[in-house]
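In: sequence and computational prediction follow.
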Amino acid sequence: MTIEDELRHKLRRIEALFAGATTEGERLAAAAAMDRIRRRLREAEKVEQPAEFKFTLADEWSRRLFVALCRRYGLDPYRYRRQRHTTVMVRAPQSFIQETLWPEYQEIQRALEEYLLQATNRIIREEVFRNSSEPSRR
């Protein structure tokens, strides 16, 4: 299994965790997990009014991930005129943001950062110079 395959598997497990999967069969059913999360969002919208949330995401990769995750669940991320490109706004029930969207984003972000660090280190080590460790202190 390649590093990328491992990352994909880990991302599916994270999604299954936030969808409330209880069996191995459910964990493998990524589409069913996504449907459960969307259903949870619709139920939360019936109970509480969607509120506007402002997220500041410093790098392009974090923003892309967050926007994709919002769109995956049917949310429409946006930015007001003159807001910085690091800002992403979204309207959703607070419980969905706090219990599902933001924790899932953080888990996936950690997994992607780990993957990108491993890939970067491997490429530098193989293509630039074998010793890519931190500089020594003096």
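Out: It's in. All values derive from a computational prediction rather than experimental measurement.
In: and the longest helix that the chain contains, what does it pack onto?
Out: If you go by DSSP state H, the chain has its longest helix at helix 102-123. Under the contact definition 3 or more CB pairs under 8 Å, 6 or more residues apart in numbering; DSSP states H and E, helix 102-123 sits against helix 3-19, helix 60-72. In this view, the C-beta of every residue, glycine as well, is placed from N, C-alpha and C.
In: which of those helices sits closest to residue 98?
Out: Judged by CB to CB, the one of these that comes nearest to residue 98 is helix 3-19, at 12.1 Å.
In: give me the mean pLDDT for that closest one.
Out: Helix 3-19 comes out with an average pLDDT of 68.
In: before we move on, what about stretch 109-126?
Out: The average pLDDT for stretch 109-126 rounds to 88.
In: only the buried residues of it, if you could.
Out: 109, 111, 112, 115 (16 or more other CB atoms under 10 Å).
In: so the second one touches residue 10, yeah?
Out: The reference is to residue 111. Yes. Contact status for residue 111 versus residue 10: in contact at 5.1 Å, counting by CB atoms under 8 Å.
In: find the centremost residue of the protein, please.
Out: residue 105 (3.1 Å; CA atoms, centre = their mean).
In: tell me how far it lies from residue 71.
Out: Relative to residue 71, residue 105 is positioned 13 Å away (CB to CB, to the nearest Å).
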